[in-house]
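Undergrad: need a 3D model of the sequence below.
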Amino acid sequence: MANIIDIHQDPVFPTTWDELVNGLEDRGVTGITSNAQPVVKDVGGGMSLMTNNLQSPNYKAGTNGWRLFSNGDVEFGSGKFRGDITIGSGENVFKADSQGIYLGSATFANAPFSVSMAGALKSESGEIGGWTIGATTLSTTNLTIDSANEKIESDNYLAGSSGFTIGSDLIEAQNIISRGTIRGSTFTYDMISAVGGQLMVSDADSLASDMTALDASTLTTKGDTTFAVNDMLVMRAVATSGIQEEWLRVTNIGSAPTYTVTRDLAGVFSANANPVWKAGTPVVKQGSSDGSSTYSGGWLRLLGEGTNSPHYSVFGRTGVAYNGSSELVRMGNLNGIGGETTDVFGFFSGDSTSFFKWDGTSLVATNIRIVNKLTAGEDLTGATTPQPIFIEDGSYTGVLVTEYDVGGNGKINTFGAAWKGQTFLVGDYDKITSVKLFMNRDNNPTGNLDVSIYATSAGVPTGSALGTKSVAASTITETFQYFAEYIFATPITVTPNTTYAVVISVPDGDGSNNIQWVEQSGSGAYADGQLVYSGDSGANWSATSTSDFVFKVYGYENFTTGTIVECKAGDTNKLTYTGFAVSSASATESVDVQFTGIVEGFAGLTLGSVYYVGNTGGIQGSAGDNSVKVGRAISATGLLIYQLAI
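TA: The predicted structure is shown next:
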């Protein structure tokens, strides 16, 4: 054991033969000479020292043992190093250290070739499996993967001509087949694209996994679309026996995008012998139906080639069965729809009994109904029943607002502080233009007769007069009663459906010289007002509900010029009939108005009968106070609008 050499005892390993011999002699190994002839000396520990070399006793070049040559070379079978390995220097170096193995640079991060301790391989040149490694590319004879430019490209790529490219902002190829969903927000206008067969636009997805032939097989999609219970689905593609089609109904969505479905709604396949649909097969929604009572939805179809092509169609669910749908609209070749049996190009919408069709030469329709959007001048209810209307032109005359027109059974004198009045309800009107009072003069009152309109509170006049008409009391006829009219210089604005009062006074009259207003006492027949009186020039008022003065009030409804207002045969301001409101709207809102054609929405009309505007609106089978014809019934619900000569 004394002859075992521990080379770690010396900080400096010998670099020459003499240094090695001297070092060995210092450790008790003697008899070593340095000459040109090999000298073998046993140095213990199973090692021998041969001239210029240190080796194991079993050393055989290229076969066994190990040798340390004096020129610095070594030969080992295998070895273990506890530190770094460096071969070469500068940029011509190989290194193995705790970072990994690397070549071409003394710094791991800058080395053109490296393998990290985690197995990450980096190479700026070379070849792997037929792929040539570049600084930022992998390439073969016909394909390049370019990381710097973020693209994969064939070597024959020529934009718009040949090859293909797949980049971050462009994919170009000769043909593309998608087994799933294609999404896009922009399609280039100057390119020509083509789709073979038919293109359907509807909610759709594709199978994420195969669907077996079993009736109980579930349907699993990729989840691009979420289906609902009772959605009707169709698949048509190459399946078990060539091109096949199957209709299904979704019955459970609890595990979506795996759905429980009822298969083979068309009943064309045997039990558990449905088509085997492969992953990627399109699954298209065709509306919804519970199979018994409810249905909804629709889809679009573009047919570019085949029977009766080309055309674009809108389909809608019209029944609960799997095939309970109809083509509701078609644009293009009309052959096979709307009664056409040859290739005719145009537009069709509707069904065999109610339709609109343009066949390229003529327009045919079961009912052409042109509706205009206008502004309502008042609340209209045309959606319930069409209302005859006119367009307000801003011209008005006073019409009867309310009245109590009876012979009367008494007269009451008005003079001095003894004022008389009658309350009344204005209804829908918002302007008062005049009043007529049934009266006469008693002897010769001096001064004026003042006729005023007042607001009311608790059934009697209140506040100041809203408007007054004054005439000389002497102008009133003395010998008999008559309706004397008092026209206000400016129409008085009132609030519709509110109670007001007409009040008269003769300040300079007296008990012998006054104005007498005819009353009807004892009956209280005017339901919307009462007789009122004051003994102190209107400071305080009293009323009697058993008497009423004989009177008439005139006014009108004020509407914005150009707005739509309901016609009324009982109002001379509302006779200029022009059409029907066919929707409901509040004042100032948009309302649908039909001026021509057949207006639908009535009930109980008599076929062939002429209809007129009613006194209070609507239509009736005979003329009202003013005869305004609106149309002729073509059915119990439809009226052909009377065309006015403009």
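
Undergrad: run through the chain and note the low-pLDDT ranges.
TA: 1-52, 179-197, 523-524, 644-646 (pLDDT under 70).

Undergrad: dihedrals phi and psi, Val283?
TA: In terms of degrees, to the nearest 10, the main-chain angles of Val283 are phi -120, psi 110.

Undergrad: which of the three states applies to the spatially closest residue to it that is not a sequence neighbour?
TA: Spatial nearest neighbour of Val283, excluding adjacent residues (CB to CB, 6 or more residues apart in numbering): Asp205 at 5.0 Å. Heads up, the C-betas are built off the backbone N, CA and C, glycines and all. Three-state assignment for Asp205 (DSSP: H, G, I helix; E, B strand; the rest coil): strand.

Undergrad: show me what contacts Asp205?
TA: Contacts for Asp205 (CB atoms under 8 Å, 6 or more residues apart in numbering) come out as 181, 221-225, 227, 257, 282-283.

Undergrad: can you select the buried ones from these in PyMOL?
TA: In PyMOL, a selection of the buried entries from the contacts of Asp205 looks like this (16 or more other CB atoms under 10 Å):
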select buried, resi 221+222+225+227+257+282+283
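
Undergrad: now the strands for the stretch 251-400 of the chain?
TA: Using DSSP state E, counting those that start in this stretch, the strands of the stretch 251-400 of the chain run over 258-262, 282-289, 295-296, 298-303, 311-317, 325-333, 345-350, 355-358, 363-365, 371-375, 380-381, 387-391, 399-404.

Undergrad: return the most buried member of the ones you listed.
TA: Stretch with highest mean neighbour count among these: strand 387-391 (a mean of 25; mean count of other CB atoms under 10 Å).

Undergrad: in its sheet, what does it sit against?
TA: Neighbouring strands of strand 387-391 in its sheet, by DSSP bridges, are strand 564-566 (antiparallel), strand 579-581 (antiparallel).

Undergrad: so for the last one, what gets flagged as buried?
TA: Yep, that's strand 579-581 we're talking about. 579-581.

Undergrad: where do the helices sit along this protein?
TA: Using DSSP state H, the helices of the chain run over 17-26.

Undergrad: what residues are up against the closest residue in space to Asp203 that isn't next to it in sequence?
TA: Nearest residue to Asp203 in three dimensions, chain neighbours excluded: Lys285, at 4.2 Å (CB to CB, 6+ apart). Lys285 makes contact with 202-204, 225, 227, 231-233, 297, 299, according to CB under 8 Å, 6+ apart.

Undergrad: before we move on, what about Gly254?
TA: Shown in contact with Gly254 (CB under 8 Å, 6+ apart): no residues.

Undergrad: for Gly100, list each beta-bridge partner.
TA: Under DSSP bridges, the beta-bridge partners of Gly100 are Asp97, Ser116.

Undergrad: go on, Gln244?
TA: Residues in a beta bridge with Gln244, per DSSP bridges, are Ala237.

Undergrad: could you report the neighbour count for it?
TA: 17 (other CB atoms under 10 Å).

Undergrad: ditto for the one 4 residues further on
TA: The number of residues packed near Leu248 is 23, by other CB under 10 Å.

Undergrad: specify the beta-bridge partners of it.
TA: Beta bridges link Leu248 to Leu233 when assigned by DSSP bridges.

Undergrad: could I get the buried residues of strand 579-581 as JSON lines with distance to Asn409?
TA: Output for the buried residues of strand 579-581, formatted as JSON lines (distance: CB to CB, whole Å):
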{"residue": "Gly579", "distance to Asn409": "48"}
{"residue": "Phe580", "distance to Asn409": "47"}
{"residue": "Ala581", "distance to Asn409": "46"}
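
Undergrad: closest one of those residues to Ile453?
TA: Top of the list for closeness to Ile453, among the buried residues of strand 579-581 and by CB to CB, is Ala581 at 32.7 Å.

Undergrad: identify the residues contacting the closest residue to that closest one other than its chain neighbours.
TA: Nearest non-adjacent residue to Ala581, counting by CB to CB, 6+ apart: Gly382, 3.5 Å away. With CB under 8 Å, 6+ apart as the criterion, the residues that contact Gly382 are 580-585, 591-592, 601.

Undergrad: could you identify the most distant pair in those?
TA: The largest distance within these, taken as CB to CB, falls between Ala585 and Gly601 and amounts to 15.2 Å.

Undergrad: quick one: stretch 587-604 to chain centroid distance?
TA: Mean-position distance between stretch 587-604 and its chain equals 28 Å (CA atoms, centre = their mean, to the nearest Å).

Undergrad: need the distance between the two termini of that stretch.
TA: One end of stretch 587-604 sits 29 Å from the other (CA to CA, to the nearest Å).

Undergrad: which parts of it are buried?
TA: Neighbour-count burial for stretch 587-604 [16+ other CB under 10 Å]: 587, 591-595, 597-599, 602.

Undergrad: what does stretch 630-646 give?
TA: Buried residues in stretch 630-646, defined by neighbour count with 16+ other CB under 10 Å: 630-633, 638-642.

Undergrad: next one: Ala120 from Tyr429, what distance?
TA: 92 Å (CB to CB, to the nearest Å).

Undergrad: likewise Thr144?
TA: Distance from Thr144 to Tyr429, counting by CB to CB: 88 Å.

Undergrad: and for Gly280?
TA: 74 Å.

Undergrad: quick one: Gln99 from Lys122, how far?
TA: In this view, Gln99 and Lys122 are 12 Å apart by CB to CB.

Undergrad: with Gly398 instead?
TA: 100 Å.

Undergrad: just to revisit the earlier point, want to throw the buried residues of stretch 630-646 into CSV with distance to Thr262?
TA: Converted to CSV, those look like this (distance: CB to CB, whole Å):
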residue, distance to Thr262
Val630, 54
Gly631, 51
Arg632, 52
Ala633, 49
Gly638, 43
Leu639, 48
Leu640, 49
Ile641, 50
Tyr642, 55
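
Undergrad: return the member of the contacts of Gly382 nearest to Gly134.
TA: Asp592 (70.7 Å).

Undergrad: if I look at that closest one, how far off is Ser583?
TA: In this structure, Asp592 and Ser583 are 4 Å apart, going by CB to CB.

Undergrad: residue contacts, Ala120?
TA: By CB under 8 Å, 6+ apart, the residues touching Ala120 are Ser114.

Undergrad: numbering from 18 from now on, please.
TA: Done: numbering now begins at 18, and the last item shifts to Ala137.

Undergrad: pairing partners for Trp375 in the sheet, please.
TA: Taking DSSP bridges as the rule, Trp375 bridges to Phe364, Leu380.

Undergrad: one more: Ile145?
TA: Bridge pairing for Ile145 - DSSP bridges - gives Trp148.
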